[in-house]
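K.L.:
Build me a structure from this.
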Amino acid sequence: MTTVTLPTVPPPRRLGVAPGRSLAELTAWYGPLPVRRRRVPLAGAALEVSEDAAQSAFRFEFDHRELRAVLTSEQVEDLPGDRLQLTADLVLDEVAFPVLLRLRVVERAVDRLLVVGTARLPYRLLRRATGFRLPWRLPATRLRLLVAAEFA
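P.N.:
Okay, the predicted model is just below:
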């Protein structure tokens, strides 16, 4: 019997997400209650892995009337238990807002990476910094951005 050990990070290259193989969801919360949940189309996503595998860069592009934004990672940290923590910027109307996106690696192979993660955004700070607004009839204290993508 032969044992094969797969690398923890795909070899150096750029991986994209095929259409229909991704999901993004924006949920508005008021205290402990979710007041609105909308699926947001993921216009594109890419993962660039450097040759030394020390520097990886994630990029998620959202295209919806409620959320037209780009999330780009500046720093990716490996956490125990097949988890990644991305320090990223969410760019809305050319204004960058800092975001902490925590990803769980669901499946990892040589040619593909399946991740699911969430970021929590304080609504009031986001609105003041970027001008992002929900409809006036929806109160919100925070937003949750859920991302699931299969890079291949």
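
K.L.:
Just the C-alphas of stretch 33-49, formatted as CSV.
P.N.:
Output of stretch 33-49 as CSV, limited to C-alpha atoms (Å, rounded to 0.1, in the frame of the first residue of the first chain):
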residue,chain,number,x,y,z
LEU,A,33,-32.5,38.7,15.0
PRO,A,34,-31.8,38.4,11.3
VAL,A,35,-34.0,41.0,9.5
ARG,A,36,-32.9,40.4,5.9
ARG,A,37,-31.0,37.7,4.0
ARG,A,38,-30.1,38.1,0.4
ARG,A,39,-28.0,36.0,-1.9
VAL,A,40,-25.5,38.1,-3.7
PRO,A,41,-24.0,37.0,-7.0
LEU,A,42,-20.3,36.4,-6.9
ALA,A,43,-19.1,38.0,-10.2
GLY,A,44,-15.7,36.5,-9.8
ALA,A,45,-13.2,35.1,-7.4
ALA,A,46,-9.5,34.3,-7.7
LEU,A,47,-6.8,32.8,-5.6
GLU,A,48,-3.2,33.5,-6.5
VAL,A,49,-0.6,31.3,-4.8
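
K.L.:
what's in contact with it?
P.N.:
Outside stretch 33-49, the residues that touch it by CB atoms under 8 Å, 6 or more residues apart in numbering are 9-17, 22-29, 56-64, 66-67, 113, 134, 138-140, 147, 149, 151. (Glycine included, C-beta is placed from N, CA and C.)

K.L.:
Relative to the helix or strand where Leu121 lies, what are the paired strands and their orientations?
P.N.:
Leu121 is part of strand 113-122, with elements assigned from DSSP states H and E. Strand 113-122 has the following strand partners under DSSP bridges: strand 95-108 (antiparallel), strand 142-151 (antiparallel).
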